[in-house]
Each structure stands twice: as C-alpha cells, then as structure tokens.
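Colleague: Build me a structure from this.
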Amino acid sequence: MKKYLLRKNLIAAVLLSLALMLASCETMGLDSDRLLTPPQMNAADREILRAIDSVSSSYKLIYPKSGTYQTAVTSADMTGDGLNEAICFYLDGNNKTVSVIVLESIDGSWTVKGKSDSRANAVDRVNFCDLNGDGIKEIVIGWQFQSGEEKAIEVFGFGTDTALKSLYTGMYNNFIAFDDSVVVISRNTSGTTASASLIGRSGNTVSILNTVALNNSIVSFVSVQSGRLSDSRRIVYIDEQLENLMYTTEVLTIEKTGELSRSPDDISTKTMRTRAYRCLDINDDKLPDIPVEKGFPAYERNKQQENLTYVEWYDYDGTSLSFLKTAYTSLNEQFMIELPRDWIGSITIQRDSDTERAVHFYYIDKDDKSDTAEPIPMFSVRVFSQQEYSDTVQSLGWQTISTSSENVYTFRSDNSELPPQFDADKDTVSALFKLLS
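Modeller: Coordinates of the predicted model:
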C-alpha cells in the first residue's frame with residue numbers, strides 16, 4: 001500500500017510538471033501532495049515515467065528552492081537542436097540523498113541521457129551555461145545539505161555514457177550563471193573573509209579563472225543580481241549586511257579581458273546605509289540601480305527625535321556612479337515617491353503614530369526662524385489591504401493612486417497655504433508614485 005501511494009503521488013507530480021514543461025519553458029513550483037486525481041496519461045507521459053522508474057524503485061521528486069527553475073522536472077534545450085531535455089531531481093528512498101537525471105526524447109521515447117548521485121539532501125538552485133562555447137550547455141547545480149548553511153556548487157557536463165561528468169565543485173553562498181561563465185560568491189563560516197570567483201573553461205577543464213576579495217566584515221548577502229552594461233560587459237550587484245549592522249553595495253564586472261573586477265572602494269563607502277535598501281531597477285532599463293541613503297530634516301515625536309531617510313538612486317557604468325533621481329522609498333510597503341529637486345531640504349516626513357502603513361509629508365519654511373515655526377502639512381500616503389479598502393475609506397478623503405494584488409495605495413491632501421511648487425495634488429503624487437517589484 002505504501003508503495004502504491006508513493007507511485008500515485010509521483011505520477012500526479014510528474015504529469016503536472018510535464019504539462020507545464022511541454023507547453024512552455026516557463027516554470028513554477030508544484031505541490032504533488034495536493035493532487036488527488038492524476039490526469040489521463042498519454043504515450044509520452046508513460047515513457048517519462050518508465051525512464052524515471054528505470055533508475056530507482058523508491059523515490060520522491062523534489063524541486064529547487066530558489067532561482068529561475070523551481071520545478072522537479074525542468075525543461076531546457078541543452079544541446080541546441082531545438083528539442084528540450086528534461087532535467088529531474090529526486091530524493092532516493094533508500095539513502096535519502098538527491099540525484100539528478102537528464103532525459104532526452106528520441107523518436108517519442110524518453111531515455112536516460114545522463115545521471116549523477118550526490119550526498120546532498122536538497123537542491124538550492126539549478127541553471128545552465130555553455131562554458132566552452134561548443135553549443136552544449138553544462139548544468140550548474142547548487143546542492144544543499146542537512147545543516148541548511150552548507151551549500152556546494154557543482155558543474156556537470158555530459159560524458160561518453162549515461163553518467164553526468166562532474167567538471168567543478170566548490171562551496172558558495174550565492175552564484176550567478178551567465179551564458180558562458182559563472183560568478184560564485186562565498187564567505188567563510190567565521191565571516192572574516194569573503195570573495196567572488198569567476199568560473200569558466202581553462203584549457204580542457206572548468207576552473208576558477210580569477211578571484212577578487214569582498215568586504216571582510218560581511219554578515220550576510222541581502223541580494224545578488226545580474227545585469228549587462230551598454231558595452232556588453234556583464235555585471236553583478238551585491239547588497240551586503242555588515243558586522244556593524246550597516247548595509248552597502250559592491251559591484252562586480254566581467255571585463256572584456258575575461259577577468260572579474262570589483263568596484264572601487266569609494267562606491268562601497270558612498271553606498272553605506274543604515275536601512276536594508278537594495279538595488280532596484282527604478283528607471284525600467286532592465287538594470288538594477290544603486291541606493292545612496294540620505295536623511296530628511298529631523299523632527300520630534302513624543303519628545304523623541306526621529307530621523308527618516310530618502311534615497312538617491314544611481315546608475316553604475318562599470319567605474320563610477322551617475323545620479324538618476326531622488327525618492328522616498330518604503331521598504332515595508334514596497335513603493336517609492338520621486339522627490340522633485342526643489343523639494344530636497346524643504347520637506348520632511350513623519351510616520352503615522354497609529355499605523356506604520358501611513359506616512360505624512362510636511363513642508364519646512366526655512367525662512368521662518370521663529371521659535372514657534374512648525375512644518376506645514378502637504379499630503380499623506382496610506383496603504384490599505386484590498387479587504388480594508390471601502391467606501392468608508394474614501395469618505396475620509398483617501399483617493400486611490402495605485403493598486404496591487406494585495407494592496408490599495410491612497411493619497412490624501414493635507415495642505416493649507418503652501419508655495420506653488422509644494423502644492424501637490426492627487427495627479428502630481430500619482431505621477432511621482434511607483435510600485436517596486
């Protein structure tokens with residue numbers, strides 16, 4: 001009975017994965033335990049099952065936990081012939097470790113093209129790249145072990161038989177795979193050293209081409225993203241948390257000479273910040289932009305001085321930063337409001353005393369030197385959940401400026417007498433508002 005139930009769940013998971021795989025190269029996570037009635041099998045599905053059955057009599061399909069590909073069965077054209085191979089991960093029921101198998105379709109029949117076992121307990125991520133330019137992609141796998149902290153990267157190529165050949169192994173915290181190389185980011189367990197290495201083909205082997213040192217006080221990597229500069233150089237943006245609880249950004253560039261380089265030290269110094277702002281594409285050019293934290297004029301609330309911040313966003317061209325725009329950026333609610341240049345130094349903000357989901361903008365009359373001078377209300381922005389938003393909310397003066405699947409973002413005018421450039425209405429704020437992804 002146990003084996004029957006295992007096989008029933010397995011069939012359901014494989015068939016739904018295959019439906020997605022054959023329809024598109026896009027992937028999504030699957031939960032086989034929720035599938036109560038498997039769909040009718042066709043001939044191709046039965047061949048997939050037979051191929052997987054041939055490698056183990058007791059197993060459970062698993063999926064990568066992060067990255068682009070997060071299904072137990074991943075579809076990818078690895079050989080460049082226009083036909084997709086199927087890459088499957090499964091946990092062997094006998095030794096509780098993960099194996100990977102690559103299946104290819106020949107005349108409608110799925111057969112084993114390559115297979116390898118590991119000592120890992122899970123798969124962190126998987127990607128593909130052609131390291132030697134021969135038109136056949138290598139498989140880059142991030143293995144995860146029982147502790148959850150240890151992760152190993154392994155690069156596989158196809159051997160002369162059905163065994164996948166391990167071309168490179170090493171430890172990592174994060175990695176980015178490009179078309180023809182991999183950047184591996186790691187730090188030792190004591191946190192005293194951190195580095196980034198470029199992995200590629202050297203002669204007939206896959207190895208480390210060069211390594212650069214990173215900030216030696218990194219506690220964790222908040223975000224690692226990739227991009228490509230206008231001159232085609234590939235680039236990696238690393239947002240880091242440091243031992244002093246500050247955050248910073250370092251940038252890696254794969255130079256045209258084929259070496260990995262690190263951004264100048266002054267980039268890391270300038271981007272030092274107290275809040276966990278991370279690089280984001282704020283101008284829709286498909287490249288992350290770098291945050292530099294700035295402070296609003298301070299104010300007092302409940303006799304306590306508060307210092308909230310805004311962000312200057314910069315583009316990086318491989319050597320230096322170029323200013324893009326200034327914006328109040330909400331980490332919790334994932335939105336930004338661009339701040340016109342003539343507002344800087346003349347406005348401040350307060351978080352609402354009742355809810356952290358509201359923020360109030362104030363104008364500061366710098367010419368008023370009296371002891372009784374106070375900031376003048378401009379407008380407020382508040383986030384409501386879709387369930388909270390109602391006619392009652394609108395009757396209180398809140399007007400919708402944007403929506404997401406979960407939230408409604410609203411504006412309310414609070415101003416009285418303000419100079420014209422600070423008299424922001426709903427249309428003005430709507431134009432300055434942007435949801436972050």
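Colleague: Share the number of residues neighbouring the closest residue to Leu436 other than its chain neighbours, please.
Modeller: Leaving aside its sequence neighbours, Leu436 sits nearest to Gln334 (CB to CB, 6 or more residues apart in numbering; 4.5 Å). The C-beta positions use only the backbone N, C-alpha and C, and glycine is treated the same way. For Gln334, the neighbour count with other CB atoms under 10 Å is 16.
Colleague: what ranges of the stretch 251-400 of the chain fall below the confidence cut-off?
Modeller: By pLDDT under 70, the low-scoring segments of the stretch 251-400 of the chain are 299-307, 369-373.
Colleague: Show me the strands in it, by range?
Modeller: 260-262, 290-295, 299-301, 304-306, 309-316, 321-330, 335-338, 347-351, 358-363, 376-385, 399-403 (DSSP state E, counting those that start in this stretch).
Colleague: can you list these in TSV and add mean neighbour count and distance to Gly157?
Modeller: Formatted as TSV, those follow (neighbours: other CB atoms under 10 Å; distance: least, CB to CB, whole Å):
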stretch	mean neighbour count	distance to Gly157
strand 260-262	20	22
strand 290-295	19	36
strand 299-301	12	61
strand 304-306	10	57
strand 309-316	21	34
strand 321-330	18	39
strand 335-338	22	44
strand 347-351	20	54
strand 358-363	21	53
strand 376-385	20	49
strand 399-403	16	48
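Colleague: Can you give the distance of stretch 182-189 from its chain's centre?
Modeller: 17 Å (CA atoms, centre = their mean, to the nearest Å).
Colleague: Just the buried residues of that stretch, please?
Modeller: Buried positions in stretch 182-189, judged by neighbour count with 16 or more other CB atoms under 10 Å: Val182, Val183, Val184, Ile185, Ser186, Arg187.
Colleague: cool, and stretch 169-177?
Modeller: Tyr172, Asn173, Asn174, Phe175, Ile176, Ala177.
Colleague: Could you identify the helix or strand that succeeds the strand or helix carrying the fifth one?
Modeller: If I follow you right, that is Ile176. Ile176 belongs to strand 174-177 when assigned by DSSP states H and E. Using DSSP H and E, the helix or strand that follows strand 174-177 towards the C-terminus is strand 182-187.
Colleague: coming back round to it: the strands of the stretch 251-400 of the chain: which one's closest to Lys113?
Modeller: strand 260-262 (32.1 Å; CB to CB).
Colleague: which residues of this structure fall in helices?
Modeller: 2-23, 43-53, 265-270, 391-395, 426-432 (DSSP state H).
Colleague: all strands for the stretch 1-150 of the chain, in order.
Modeller: 59-62, 73-76, 85-92, 98-106, 109-117, 122-129, 138-144.
Colleague: May I see the buried residues of the last one?
Modeller: For strand 138-144, burial by neighbour count (16+ other CB under 10 Å) applies to Glu138, Ile139, Val140, Ile141, Gly142, Trp143, Gln144.
Colleague: now those as a markdown table including distance to Ser197 and pLDDT?
Modeller: Below are these laid out as a markdown table (distance: CB to CB, whole Å; pLDDT from 0 to 100):
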| residue | distance to Ser197 | pLDDT |
| --- | --- | --- |
| Glu138 | 16 | 94 |
| Ile139 | 19 | 95 |
| Val140 | 13 | 96 |
| Ile141 | 17 | 97 |
| Gly142 | 14 | 96 |
| Trp143 | 17 | 96 |
| Gln144 | 19 | 93 |
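Colleague: just curious, which of these is nearest to Gln421?
Modeller: Closest to Gln421, out of all of these and judged by CB to CB, is Gly142, at 51.2 Å.
Colleague: Quick check: that closest one vs Leu324, distance?
Modeller: In this view, Gly142 and Leu324 are 33 Å apart by CB to CB, to the nearest Å.
Colleague: Also Asn332?
Modeller: From Asn332 to Leu324 the distance is 23 Å (CB to CB).
Colleague: before we move on, what about Asn415?
Modeller: 28 Å.
Colleague: Do I have it right that Ala72 meets Lys65?
Modeller: No - counting by CB atoms under 8 Å, Ala72 stays clear of Lys65, with 11.8 Å between them.
Colleague: Which one of the strands of the stretch 1-150 of the chain lies nearest to Glu388?
Modeller: Per CB to CB, nearest to Glu388 of the strands of the stretch 1-150 of the chain: strand 122-129, 36.5 Å.
Colleague: got the contact list for that closest one?
Modeller: Here strand 122-129 makes contact (CB atoms under 8 Å, 6 or more residues apart in numbering) with 62-69, 74, 76, 78, 87, 89, 98, 137-145, 151, 175, 177-182.
Colleague: which stretches of the stretch 1-150 of the chain have low pLDDT?
Modeller: Within the stretch 1-150 of the chain, the stretches with pLDDT under 70 are 1-49, 57, 147-149.
Colleague: now the buried residues of stretch 169-177 in a markdown table, with pLDDT?
Modeller: What follows is the buried residues of stretch 169-177, written out as a markdown table (pLDDT from 0 to 100):
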| residue | pLDDT |
| --- | --- |
| Tyr172 | 93 |
| Asn173 | 92 |
| Asn174 | 93 |
| Phe175 | 95 |
| Ile176 | 95 |
| Ala177 | 94 |
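Colleague: want to try CSV for the strands of the stretch 251-400 of the chain, with distance to Asp231 as columns?
Modeller: Listed next are those as CSV, based on distance: least, CB to CB, whole Å:
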stretch, distance to Asp231
strand 260-262, 14
strand 290-295, 18
strand 299-301, 45
strand 304-306, 43
strand 309-316, 13
strand 321-330, 14
strand 335-338, 28
strand 347-351, 38
strand 358-363, 40
strand 376-385, 39
strand 399-403, 35
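Colleague: Between those strands, which one is closest to Ser197.
Modeller: Short answer: strand 260-262, nearest of the strands of the stretch 251-400 of the chain by CB to CB, at 7.3 Å.
Colleague: That closest one pairs with which strands, parallel or anti?
Modeller: Note on strand 260-262: by DSSP bridges, its sheet partners are strand 247-254 (antiparallel).
Colleague: For the strand it pairs with, C-alpha coordinates in PDB please.
Modeller: In PDB, the C-alpha atoms belonging to strand 247-254 read as follows (Å, rounded to 0.1, in the frame of the first residue of the first chain):
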ATOM      1  CA  TYR A 247      24.400  47.900   4.600                       C
ATOM      2  CA  THR A 248      26.400  48.500   1.500                       C
ATOM      3  CA  THR A 249      26.700  47.600  -2.200                       C
ATOM      4  CA  GLU A 250      29.600  46.200  -4.100                       C
ATOM      5  CA  VAL A 251      29.600  45.600  -7.900                       C
ATOM      6  CA  LEU A 252      31.500  43.000  -9.900                       C
ATOM      7  CA  THR A 253      32.300  43.400 -13.600                       C
ATOM      8  CA  ILE A 254      33.400  40.700 -16.000                       C
END
